[in-house]
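A.B. asks: the following block contains a protein sequence and its predicted model.
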Amino acid sequence: MIHAAGVSGWMWRPLRELLGPTMKAIVPDLPGFGRSAAQPYISHEDTVERLTGVIERHAPQGAHVVGFSMGAQLAILLASELPHLVRGVVVVSAETKPAPFPGPTLALLSLAAPLARHRRFAAAQAHQLGIPRHLLDDYLHDSTTTTRETLLSSVSENIRFTLPATWSDYQGAVDVLVGANERKLMHESAELTASALPGSTLRTVQGAAHDIPFSQPGIIASTLHGQILGFTA
């Protein structure tokens, strides 16, 4: 389970509760976030290399990979580059079409970065992201420990991301999820991701924005269960 930028592995708690104790969950904190905050986020390439080591250690026969937002981009890269380790992928709200004007976006982010350390500003951001009240303290903690360097490098990678050419060659099960209330770029990205890989499934989650793991974890749980049953059949 690969988390988004600005949060860490705790974001998967609602999903893990639905999956139950019989399913082994591997939930790393990416460089620069959560328990790994002391290690700066360098690049997607560096992070994929680290995640490869995690899977090889804990699931050498392969794993189903679930990713949200930036984490979904990393899931796509893992499946594209290391298909022997990825049995299936659930791509949740991945931006796979580069955002316009990355320079001004990053400049504004750099100016706003110190605000994330202020509790009132961070709480407002948490509300906008749909983070449940019982996970608010985790979000506020991450807001104070994430460095400007990590924030800028991770967001830079995120808004410039494009699908790798080998994505179309992936043979495992792929489900692409996007919230019905997400912005236009996210819907275009979801359609692009699914159309680039014949056999993948695209689902628009009604009532959700860029918050599916928090507002609709049951959708992800049922999707993941379906993939696993299909793989073992």
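C.D. replies: It's in. Because the structure is predicted, anything quoted here is derived from the model rather than measured.

A.B. asks: least confident secondary structure element in this protein?
C.D. replies: helix 102-112 (a mean of 63; mean pLDDT, DSSP states H and E).

A.B. asks: now the strands for this structure?
C.D. replies: 63-68, 86-92, 173-179, 201-205 (DSSP state E).

A.B. asks: residue contacts, Ile42?
C.D. replies: Pro31, Ser153 (Cβ atoms under 8 Å, 6 or more residues apart in numbering). (Glycine included, C-beta is placed from N, CA and C.)

A.B. asks: ends of stretch 176-192, what's the gap?
C.D. replies: Taking Cα to Cα, to the nearest Å as the measure, stretch 176-192 stretches 10 Å from start to finish.

A.B. asks: and for it, what's in contact with it?
C.D. replies: Residues contacting stretch 176-192 (Cβ under 8 Å, 6+ apart): 90-97, 99, 163, 193-194, 200-212, 215, 219-220, 223.

A.B. asks: swap the cut-off to 7 Å and go again
C.D. replies: 90-97, 99, 163, 193-194, 200-212, 219 (Cβ atoms under 7 Å, 6 or more residues apart in numbering).

A.B. asks: of those residues, just the buried ones, ChimeraX syntax please.
C.D. replies: To isolate the buried members of these in ChimeraX, using 16 or more other Cβ atoms under 10 Å:
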select :90,91,92,93,94,95,96,97,163,193,194,200,202,205,208,209,210,211,212,219
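
A.B. asks: the helices in this structure, which residues?
C.D. replies: 13-19, 44-58, 70-81, 102-112, 119-128, 136-145, 148-159, 184-195, 212-215, 217-232 (DSSP state H).

A.B. asks: and the direction of the longest one versus that of strand 173-179, what angle?
C.D. replies: For helix 217-232 against strand 173-179, the angle between stretch directions is 170 degrees (axes from the mean of the first three to the mean of the last three Cα atoms, to 10 degrees).

A.B. asks: what's helix 217-232 packed up against?
C.D. replies: Helix 217-232 sits against helix 13-19, strand 63-68, strand 86-92, strand 173-179, helix 212-215, with contacts defined as 3 or more Cβ pairs under 7 Å, 6 or more residues apart in numbering; DSSP states H and E.
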